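Participant: just need the structure, nothing else, for what follows:
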Amino acid sequence: MSSPSYLLSRGLDPILGVLTGVLAYRLSESNPRTGPPPGETLQELLQWKYQRWKAAREAGQKEDENWEQVVQNIAKEKV
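Facilitator: Next comes the predicted model:
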C-alpha cells in the first residue's frame, strides 16, 4: 500500500499554516471595528515591555556595581 497523498508537502503545510495565522492576526489588528483600541496594539505593548525590561536590566547593573563596591570595602577592611 502506498502512503496517502497530501495536497501539499510536509514542509509546505507548516509554512502555509504560519502565513495564514499571520494574515489573520494582521487583519484582526487592522480592522477598525474589532481592532484593539489605540495604545493596546501588539507593537505598542511589546515596546512597553521592552522598555520595562531595559529599565530593570539597568537597575540590576547598578545594583551589581554597588555590590562590587561593598565587596571591595570589605576586602580593604580585612587587610
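
Participant: any idea of the mean pLDDT in stretch 66-77?
Facilitator: The average pLDDT for stretch 66-77 rounds to 79.

Participant: ok, now stretch 46-62?
Facilitator: 89.

Participant: which residues are in contact with it?
Facilitator: Applying Cβ atoms under 8 Å, 6 or more residues apart in numbering, stretch 46-62 turns out to have no external contacts. (C-beta placed from N, C-alpha, C; glycine too.)

Participant: please renumber the chain so that the first residue is 23 from this point on.
Facilitator: Sounds good: first residue 23 from here, last item stretch 68-84.

Participant: any idea how far that stretch is from the middle of the chain?
Facilitator: 13 Å (Cα atoms, centre = their mean, to the nearest Å).

Participant: also stretch 76-89?
Facilitator: 21 Å.

Participant: how far off centre is the longest helix along the chain?
Facilitator: As assigned by DSSP state H, the longest helix anywhere in the chain is helix 64-100. Mean C-alpha position of helix 64-100 versus that of the full chain (Cα atoms, centre = their mean) differs by 20 Å.
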